[in-house]
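J.: have a look at this prediction, sequence included:
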Amino acid sequence: MDSKHSYEVPAEMREFAERSVEQARKAFDGFIGAAQKAVDSAHGSAETARVNTQEATRRAIAYAENNVTAAFDFAQKLVKSKDLTEVMQHQSDFLKAQMAAFQNQIKDLGTAAQDAAAKAAETVSKATRGR
């Protein structure tokens with residue numbers, strides 16, 4: 001190119017461009033860092049969900065076992081009943097006990113669900129605070 005028509009970037013423009021590139025680089029680094037934390041958080045949340053699901057399954061099995069045992073005990077009492085009055089009393093006792101057990105199971109599962117939701121919210125909160 002001809003030296004009369006050479007293009008020279010003023011120092012202020014060059015400094016502005018350098019600062020802009022540096023700011024863009026920092027913003028991109030921040031974005032990548034946030035993305036990595038989100039991936040780590042998702043893994044943590046998945047692990048928490050797995051543990052919570054496993055615990056809920058254990059509770060459900062324990063409830064089923066207790067309910068079946070109660071039903072067998074009830075059946076055994078029915079077989080040994082001497083008259084209709086005794087059968088009705090066993091039936092009434094069984095229904096009362098099963099309703100109480102059911103209420104306790106529902107309450108326990110509700111508490112477990114609230115705890116799991118609180119843990120999940122805490123995990124998300126920790127992940128977003130780190131940004």
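T.: Cool, the structure landed.
J.: for the longest helix along the chain, packing partners?
T.: The helix spanning the most residues in the chain, taking DSSP state H as the definition, is helix 11-80. For helix 11-80, the contact count by 3 or more CB pairs under 8 Å, 6 or more residues apart in numbering; DSSP states H and E identifies helix 84-129 as packing neighbours. Using the backbone N, CA and C atoms, a C-beta is placed for each residue, glycine as well.
J.: picking that back up, tell me what angle the longest helix of the chain forms with helix 84-129.
T.: Here helix 11-80 runs at an angle of 170 degrees relative to helix 84-129 (axes from the mean of the first three to the mean of the last three CA atoms, to 10 degrees).
J.: so how far is helix 11-80 off the chain centroid?
T.: Centroid separation between helix 11-80 and its chain, computed with CA atoms, centre = their mean, to the nearest Å, is 5 Å.
J.: quick one: low-confidence parts of the protein?
T.: Scanning the chain with the threshold set as pLDDT under 70 gives 1-7, 9, 38-45, 127, 130-131.
J.: how about 80 then?
T.: Flagging of the chain using pLDDT under 80 yields the residue ranges 1-9, 14, 31-53, 116-117, 119-131.
J.: correct me if wrong: V87 contacts S81.
T.: Yes. Between V87 and S81 there is a contact under CB atoms under 8 Å: 4.6 Å.
J.: burial measure for E15, as a count.
T.: Using other CB atoms under 10 Å, E15 has 11 neighbouring residues.
J.: can you check the one 10 residues further on too?
T.: Summarising burial for R25: neighbours were counted as other CB under 10 Å, giving 10.
J.: what do you get for K80?
T.: Quick note: K80 (other CB under 10 Å) scores 9 neighbours.
J.: so who does it touch?
T.: K80 makes no contacts at all, as judged by CB atoms under 8 Å, 6 or more residues apart in numbering.
J.: same deal with S92?
T.: Counting by CB under 8 Å, 6+ apart, S92 has no contacts.
J.: same question for T48.
T.: Going by CB under 8 Å, 6+ apart, T48 touches 116, 119-120, 123.
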